[in-house]
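Novice: model this:
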Amino acid sequence: MLGTHGLDDLEENAYLSLLRLPARDERELAERLERPAAEISAAIERLVKEGFVRQAGDRLLAVQPDVAFGPGLLRRHGEVQRMQTFIAALMEEYRERSALRDTREAVEVVIGAAEVRARWHHLQRTAQREVRTLVKQPLLVSGENQAQKAAMASGVVFRTVYERAMIDEPGDPYELGWSLANGELMRIATDVPTKLVILDERAAFIPSMSASAEPAALLVTSGALLDVLTWVFETVWAGAVPFPATSDTLSPQDQRLLSLIIAGYTDLAISKQFGLSHRTVQRRVSQLIRLAGVETRLQLIWHAAKHDWL
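Specialist: Residues are numbered from 1 along each chain as shown. Coordinates of the predicted model:
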């Protein structure tokens, strides 16, 4: 136990023996410990020098333990504190560098149309619970999305916010009808800030916004950036308009019509969406107003919100 204070086994045994019973001289102590006198003499000389043993008249006495070992303990305590401070500084530097390293490792740059498309489809196929998407033009990955169809068929929930301009496209170039029929939850926003896909809680995929530059995307797999991107989606989702509106009292066409009204479409824009005349759309809007028992489009929107038509 006393080796931490620099004593070897013989010196420790000599000190403990004298602590229990003082000795008249080194010869008596040598006999007690059954060790050569020369070894005991060398041990006592060092113990006296270091302040562990003292000579009192014709006797060898062990110095009181707190006096003998107290100064050494204080020195070691100071050394431990300095070492703790040094280690704390090293840990702070390690955390800073580790954070930078983790950030670099958490963000991967994917370059090239084929690579971006392959990675995007792979991420959808590996989704387990939910895929959240912000969609705006131009689309980086277009065409039939078999990966989404397979994921939805397996029960993965898709929540998507489409930029309003995409709904203006004649026909159904983005297969929104299929997505709706198969359970995709859709909303419309006048302006979508960025393209974004979040897969479960484990990854975010950010395609490039430019149609002229080489296709590229960022894949974020952890860290604060993933939390921020999740917040961006949920904020846009909360402010977007459900599409189509839902109500047991409305036909599918009326639900879609109501969604477009809430999204701010004019009757002329709605007529292009439906392939109907401007006058026919005006008549159907009037029918919705009468159905709600109100007098204006604004009151219709308020009534739809109040009665869960949205």
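
Novice: From the chain's centroid, how far away is stretch 280-290?
Specialist: Centroid displacement of stretch 280-290 relative to its chain, using Cα atoms, centre = their mean, to the nearest Å, is 48 Å.

Novice: pLDDT (mean, whole number) over that stretch?
Specialist: Averaged over stretch 280-290, pLDDT sits at 85.

Novice: Now do that stretch: everything it contacts.
Specialist: 254, 257-258, 261, 267-268, 270-271, 274, 295-297, 299-300 (Cβ atoms under 8 Å, 6 or more residues apart in numbering). (Each C-beta comes from the backbone N, C-alpha and C, glycine too.)

Novice: Using CSV, write down the CA coordinates of it.
Specialist: Taking C-alpha atoms only, stretch 280-290 is exported to CSV below (Å, rounded to 0.1, in the frame of the first residue of the first chain):
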residue,chain,number,x,y,z
THR,A,280,-69.3,25.4,-65.4
VAL,A,281,-66.7,25.9,-62.6
GLN,A,282,-68.5,29.1,-61.4
ARG,A,283,-71.7,27.1,-61.2
ARG,A,284,-70.1,24.3,-59.2
VAL,A,285,-68.5,26.8,-56.8
SER,A,286,-71.9,28.3,-56.3
GLN,A,287,-73.3,24.9,-55.5
LEU,A,288,-70.6,24.4,-52.9
ILE,A,289,-71.4,27.8,-51.4
ARG,A,290,-75.1,26.8,-51.2
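
Novice: looking at this, L134 is in a strand?
Specialist: Yes. The assignment for L134 is a strand, going by DSSP: H, G, I helix; E, B strand; the rest coil.

Novice: What distance do you get for it to L10?
Specialist: Here the criterion is Cβ to Cβ, to the nearest Å. By it, L134 lies 78 Å from L10.

Novice: neighbour-wise, which of those two wins?
Specialist: L134 (23 against 16; other Cβ atoms under 10 Å).

Novice: Check the burial of the closest residue to that one other than its chain neighbours by counting its neighbours.
Specialist: In space, and not counting its chain neighbours, L134 is closest to L196: 4.3 Å by Cβ to Cβ, 6 or more residues apart in numbering. For L196, the neighbour count with other Cβ under 10 Å is 23.

Novice: Repeat that for the one 4 residues further on.
Specialist: The number of residues packed near D200 is 14, by other Cβ under 10 Å.

Novice: ok, back up a step: pretty sure the residue nearest to L134 sits against V232.
Specialist: Yes. Counting by Cβ atoms under 8 Å, V232 is a contact partner of L196 at 6.7 Å.

Novice: for E184, what are its contacts?
Specialist: 152, 158-160.

Novice: rerun that using 10 Å as the cut-off
Specialist: 131, 133, 148, 152, 157-160, 175-176, 178 (Cβ atoms under 10 Å, 6 or more residues apart in numbering).

Novice: Skipping adjacent residues, who's closest to the residue with the largest distance to the centre of the chain in space?
Specialist: The centre of the chain is farthest from one residue, D58, which by Cα atoms, centre = their mean lies 75.0 Å away. Counting by Cβ to Cβ, 6+ apart, D58 lies nearest to R24, which is 5.9 Å off, once chain neighbours are set aside.
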